[in-house]
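> Below are the sequence and a predicted model for it; my questions follow.
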Amino acid sequence: MQSEITFNLEWVSGLKKALEETNRKLYVIKDGEKFLYVGEANCSIVTRLRRGFTSYRYFSRNGNARGGYQGYKWIKLSDSEVRSALSVYVLVFEKKYDEYRGFVEAVEGELVYLIRKETKQWPLFQNEIHFTNEPGAAKIAEEIFSKLKVASI
């Protein structure tokens, strides 16, 4: 029998932690109450978002994806509807998880699954999910989801 996992998750209330290059992060993009995307990063959130925006812009202009990556499709939701205000929620993991990407991805997968289960649809622009069975990941995802489902602009 495995021991209970202890875990501290820091909800970023300012930009400082989200802007740091260290600590693995989960980030969630919402449009009001609609979940658009859940991602994982080990760099500053600005760097991660910049990569997604740059790749999307490159793909939009050239029709080619850099290294197979087309960027964030939630940037432009349709030809007639461009989003100017979305909510970005950043959750910072303890330093000890920096080298344990599999656990962070397991929490990400569990969170995306909970979104699907509760809303009856996947996040609108979710491209992939990493499924692994990590002890404690589902419980942490439930804690995150309970706070995110009531959060809106």
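Now that the structure is in, tell me what you want to look at. All figures in this text were calculated on a predicted structure; none of them were measured in a lab. Residues are numbered from 1 along each chain as shown.

> Kindly export stretch 139-146 (C-alpha atoms) in CSV.
What follows is stretch 139-146, C-alpha atoms only, in CSV (Å, rounded to 0.1, in the frame of the first residue of the first chain):
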residue,chain,number,x,y,z
LYS,A,139,-7.1,14.2,-5.7
ILE,A,140,-5.0,17.2,-6.6
ALA,A,141,-6.9,17.6,-9.9
GLU,A,142,-10.2,17.6,-8.0
GLU,A,143,-9.0,20.3,-5.7
ILE,A,144,-7.9,22.4,-8.7
PHE,A,145,-11.1,21.8,-10.6
SER,A,146,-13.3,22.7,-7.6
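
> Would you state the strands of this structure in chain order?
9-11, 25-31, 34-41, 87-93 (DSSP state E).

> Lowest average pLDDT across those?
Of all these, mean pLDDT reaches its minimum on strand 9-11 (a mean of 54).

> tell me the helices in this structure, going along the chain?
Counting by DSSP state H, the chain has helices at residues 16-19, 45-62, 101-119, 137-148.

> out of those, which comes closest to F125?
Counting by C-beta to C-beta, F125 lies closest to helix 45-62 out of these; the figure is 10.5 Å. For the C-beta atoms, the positions are set from N, CA and C on the backbone; glycine is no exception.

> So which elements touch the closest one?
helix 16-19, strand 25-31, strand 34-41, strand 87-93 (3 or more C-beta pairs under 8 Å, 6 or more residues apart in numbering; DSSP states H and E).

> Work out the sheet partners of the third one and label each with its direction, please.
According to DSSP bridges, the neighbouring strands of strand 34-41, each with its direction, are strand 25-31 (antiparallel).

> And for the partner strand, what's in contact with it?
18, 35-42, 45, 48, 72, 74, 77, 83, 86-93, 104, 107-108, 111, 123, 125, 144, 148, 151-153 (C-beta atoms under 8 Å, 6 or more residues apart in numbering).

> Report the inter-axis angle for that strand versus helix 101-119.
Angular relation of strand 25-31 and helix 101-119 on a 0 to 180 degree scale: 20 degrees, by axes from the mean of the first three to the mean of the last three C-alpha atoms, to 10 degrees.

> what's the distance between strand 25-31 and the middle of its chain?
Offset of strand 25-31 from its chain centre (C-alpha atoms, centre = their mean, to the nearest Å): 4 Å.
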